[in-house]
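[1] This is a predicted model, with the sequence first.
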Amino acid sequence: MSAINSIDLVELTNNIKAWGRALGFQQVGISDIDLHQHEAHLQAWLDKGYHGDMTFMESHGMKRARPDELVPGTLRVISVRMNYLPPDASFAKHLKRPEIGYISRYALGRDYHKVLRKRLKQLGDKITSALAHTQYRPFVDSAPVLEHAIAEKAGIGWTGKHSLTLNKEAGSWFFLGELFINLPLPTDSPVEEGCGTCTACMTICPTEAIVAPYTVDARRCISYLTIESDDDIPETLRPKMGNRIYGCDDCQLVCPWNRFADVTSEDDFHPRQVLHGQSLNTLFSWSEETFLSNTEGSPIRRIGYEKWQRNIAVAIGNAPFDANSVTLLEERKGAVSELVDRHIDWALTQQYAKRDTLDKSEATRQQQRLIRAVEKGLPRDA
């Protein structure tokens, strides 16, 4: 520890923040490792089963709230944020077109895990260059880490009622990353909470997954259903998913603080055109080879082809009747798995029902035209 005591930790902290900004992080904060105040809420959340099938959430016990148990020797956590809002988000444009596949905007570009982890490692290497024997370990949504609680304690923002981190200058359109480190650096102070009485995120949630302020029942969350869940999507929730085939942005879209969010300067997070604004039929028609090729280096790839097909089948079921969609669903039946087939069957039932409704509406219109013709004394075929 003599080397640590011999340096100016304040100067080193200022350098760390400057290095972080130079590496593309919009903000760098530092927290201690005392997260005990979050343990009761975490345990209650787990006890209620709100984590669904994400067994990894419970398998580590309270290690998630104890950084020094995850990485022995950790004294501080360096928390960073990086904006990801793409310049052409097309939120409303795509959500209002049910035949378009809506993908959460964080997933349209390169896999953020890789981008942030690489930058965090570079930051750790710079610190090690300045102070030998520094030990660090980077995390990006990849281990039992309470990233939002850490970000809150590091002054990055506050935890909103949708459970995401909010910042008055940046909203919530940013990724978080952490660098566990064995240096007793000066820490930052939390910022004032800014949600007040607003409950817009709770009200807008399509599946009512935000069951209480700061509490999300993952089993109802569209992000969980389309990404984490390996099972059948509950039939009661399928109609509420609309055309959302990977994740959901609704709780962020409605948040007033996101009016202040900046567009990302990272080209890696710009939308891939092969994913952005594509029709459901186009996306559903991909072979597994095409899926793997088009999602290479993307976070979407990790859900696999089966869940990709499952999600799109549900969205097609929610879309207006389209004869091409019906043909495609029928052709894909039996091509992937029984799981996908069950969702195809559901989608076909929805499409057939909408076709029958259209047929009845057309028959009614023809009958009305006939009645009007008779009343006017015109020929029946007028």
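    Yep, that arrived.

[2] Now for W257: which residues touch it?
    Contacts of W257 were listed using Cβ atoms under 8 Å, 6 or more residues apart in numbering, and they are 160, 166-168, 171-172, 194. (Each C-beta comes from the backbone N, C-alpha and C, glycine too.)

[3] With N258 instead?
    171-173, 252.

[4] ok, now R355?
    R355 sits next to 321, 326 when contact means Cβ under 8 Å, 6+ apart.

[5] now it: how far from L280?
    The gap separating R355 from L280 is 17 Å, by Cβ to Cβ, to the nearest Å.

[6] what's the answer for I103, then?
    Applying Cβ to Cβ, the value for I103 to L280 is 11 Å.

[7] Buried among the contacts of W257? Make that a ChimeraX selection.
    Selection of buried members from those for ChimeraX, criterion 16 or more other Cβ atoms under 10 Å:
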select :160,166,167,171,172
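
[8] quick one: which of the contacts of W257 is nearest T264?
    Proximity of the contacts of W257 to T264 (Cβ to Cβ) peaks at G171, which lies at 12.3 Å.

[9] For Y50, list the residues it contacts.
    Counting by Cβ under 8 Å, 6+ apart, Y50 makes contact with 211, 215-219.

[10] That one - that's part of a helix, no?
    No. Under DSSP: H, G, I helix; E, B strand; the rest coil, Y50 sits outside any helix and is assigned coil.

[11] confidence score at it?
    Y50 carries a pLDDT value of 94.

[12] Adjust the sequence numbering to begin at 30 for everything that follows.
    OK, 30 is where the count begins now, so the last one is Y79.

[13] that older thread, quickly list what's touching both of I132 and L309.
    When contacts are counted by Cβ under 8 Å, 6+ apart, the set common to I132 and L309 consists of I274.

[14] contact partners of the strand or helix carrying I179?
    Secondary-structure element containing I179, defined by DSSP states H and E: helix 176-182. Helix 176-182 is contacted from outside by 58, 60-61, 64, 67, 94, 96, 106, 108, 110, 168, 170, 186-188, 192-194, 205-207, 216, 219, using Cβ under 8 Å, 6+ apart.

[15] and these, which are buried?
    58, 60-61, 64, 67, 94, 96, 106, 108, 110, 168, 186-188, 192-194, 205-207, 216, 219.

[16] Among the residues you listed, name the ones in helices.
    Among these, the members falling in helices (DSSP state H) are P96.

[17] Kindly provide the distance from L368 to S314.
    Between L368 and S314 the distance is 19 Å, computed by Cβ to Cβ.
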